[in-house]
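Novice: Model the following, please.
(one chain, ligands or ions: 1)
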Amino acid sequence: MRNATVWAGMFGVEKSTVIDGVVFEDESESIVVSVRPRKGAKQRCGLCQRRCPGYDHGEGRRRWRGPDLGLLRSFLEADAPRVTCRDHGVVVASVPWARHGARRTERLGPSLMRRGSAHSHLILRRPA
Ligand SMILES: [Zn+2]
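Specialist: The predicted structure is shown next:
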């Protein structure tokens, strides 16, 4: 799906993340991207990345702040299940788009600042 590819590129999640949908949320004036890890990236310890048995659904859906898109904020939203790691016990499973415990996506690091204009350009060129 072409649009999914565009969004994936903007968030830097193309390989191990599946994008289920993108919605504009009026209330918060944000773009919310529903994502989930691809099969091989699921059920991994958030600390050591080892594949682990599932524990529970954690606190349910969770959001990570993504890059600002012009005047709009963006969020990645996904389930945040917990797994049982033999070294680390019960921990929130790893997600490919953010470091363990981070509330922001990887793309929000300092290197993102330089990419801001490139992303705006991408949005302007996005087919309707
Ligand atoms: Zn672990």
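Novice: For the rest of this, base every contact and every neighbour count on C-alpha atoms.
Specialist: Noted.
Novice: which stretches of this protein form helices?
Specialist: With DSSP state H as the criterion, the chain has helices at 2-11, 110-125.
Novice: weakest of the ones you listed in terms of mean pLDDT?
Specialist: Here the helices of the chain differ in mean pLDDT, and the lowest is helix 110-125 at a mean of 41.
Novice: Now for the nearest residue to Val35 once chain neighbours are set aside, how many residues are close by?
Specialist: In this structure, Val35 finds its nearest non-sequential neighbour in Ile19, 4.5 Å apart by Cα to Cα, 6 or more residues apart in numbering. By other Cα atoms under 10 Å, 22 other residues sit near Ile19.
Novice: Ok, Asn3 next?
Specialist: Using other Cα under 10 Å, Asn3 has 14 other residues around it.
Novice: same deal with Gly70?
Specialist: Counted with other Cα under 10 Å, residues neighbouring Gly70 total 12.
Novice: What's the separation between it and the ion?
Specialist: To the ion, Gly70 is 38 Å away according to Cα to the ion, to the nearest Å.
Novice: Ok, Trp7 next?
Specialist: Counting by Cα to the ion, the gap from Trp7 to the ion is 30 Å.
Novice: what about stretch 38-50 and the ion, any contact?
Specialist: Yes - counting by Cα under 5 Å from the ion, the ion is contacted by stretch 38-50 at 45, 47-48.
Novice: Show the end-to-end separation of that stretch, please.
Specialist: Taking Cα to Cα, to the nearest Å, stretch 38-50 runs 15 Å from one end to the other.
Novice: thinking again about what came up before, pick out whichever of the residues of stretch 38-50 next to the ion sits closest to Glu77.
Specialist: Checking these against Glu77 with Cα to Cα, the nearest one is Cys45 at 19.0 Å.
Novice: Perfect, I'm done here.
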